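In: below: sequence and its predicted model.
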Amino acid sequence: MTTTATPILTRKLQHMFNLLDVDQDGYLTMADLPALADALAVPFAAQPEKIQTLREALLRIWEAHLGQMDENGDGRLDTAEYERGIRAATAEDPKAFLRTMHAAVAAWFSLFDTNGDGHLDLDEYTQLGQAIGGISPQDMAKAFQRLDRDGDGRLQPEEIRVAVIEFFTSEDPDADGNWLYGPL
């Protein structure tokens, strides 16, 4: 993995930055991450244990990775610090970075698996898109098709795991994992 900028990876990281920047002030702070969990949890108030699991997983991302990316020590990341930091984390210790990301994605997967069958169907995935940024149902349906690698109409944990890896490490503009959080 190279740390040189590529257009697709830059676009994916900007997309992710925008999703994480809950208050949309142009910076990521530790406070944005539990705020994201709380925003995602609005339709799921009856599942406090799953919400807490997501909140803790997102805070681990800050503690293990994002907090270390704060080059100037101001307690917040701008987009340049974020991109450099993610590129460095995936180049230096991709297994550790991806392990932390998988834990967070597994937590949101569990939260949005409203029927508890261990998979996300199109409706559940569409609800995720609405929660993370008002992504249209049509765009989420396109993303779902790209991520549903076996075409069974359900996103399985392994399909999501592969998508996480591709999203954060692939420089292929056509990689299915680029659609993890909707269209770029």
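Out: Perfect, thanks for sending it.

In: CA atoms for contacts and neighbours, from now on please.
Out: Will do.

In: tally of neighbours for the residue nearest to Leu13 when sequence neighbours are not counted?
Out: Nearest in space to Leu13, with sequence neighbours left out and distances taken as C-alpha to C-alpha, 6 or more residues apart in numbering, is Glu83 at 6.2 Å. The tally of other residues near Glu83 (other C-alpha atoms under 10 Å) stands at 23.

In: what strand or helix carries Glu83?
Out: When secondary structure is defined by DSSP states H and E, Glu83 falls within helix 79-92.

In: now do the buried residues in that helix.
Out: For helix 79-92, burial by neighbour count (16 or more other C-alpha atoms under 10 Å) applies to 79, 81-90.

In: between those, which sits nearest Phe112?
Out: Checking these against Phe112 by C-alpha to C-alpha gives Ile86 as the nearest, at 25.7 Å.

In: what's the spacing between the closest one and Leu128?
Out: With distances defined as C-alpha to C-alpha, to the nearest Å, the gap from Ile86 to Leu128 amounts to 23 Å.

In: check which element follows the longest helix along the chain along the chain.
Out: The helix spanning the most residues in the chain, taking DSSP state H as the definition, is helix 94-112. Remark: after helix 94-112, the chain's next helix or strand is helix 122-133, criterion DSSP H and E.

In: identify all contacting residues around that following helix.
Out: Residues lying outside helix 122-133 but in contact with it, judged by C-alpha atoms under 8 Å, 6 or more residues apart in numbering, are 19, 39-40, 112-114, 135-137, 140-141, 144, 153-154, 181-182.

In: run the last query once more with 7 Å
Out: Contacts of helix 122-133 with the rest of the structure, by C-alpha atoms under 7 Å, 6 or more residues apart in numbering, involve 19, 40, 112-114, 135-137, 140-141, 144, 182.

In: relative to helix 122-133, how tilted is the next helix or strand after that helix?
Out: Next along the chain after helix 122-133, taking DSSP H and E as the criterion, comes helix 137-147. Comparing the axes of helix 137-147 and helix 122-133 via axes from the mean of the first three to the mean of the last three C-alpha atoms, to 10 degrees yields an angle of 110 degrees.

In: report the buried residues of helix 137-147.
Out: Applying a neighbour-count criterion of 16+ other C-alpha under 10 Å, one finds 137, 140-141, 143-147 buried in helix 137-147.
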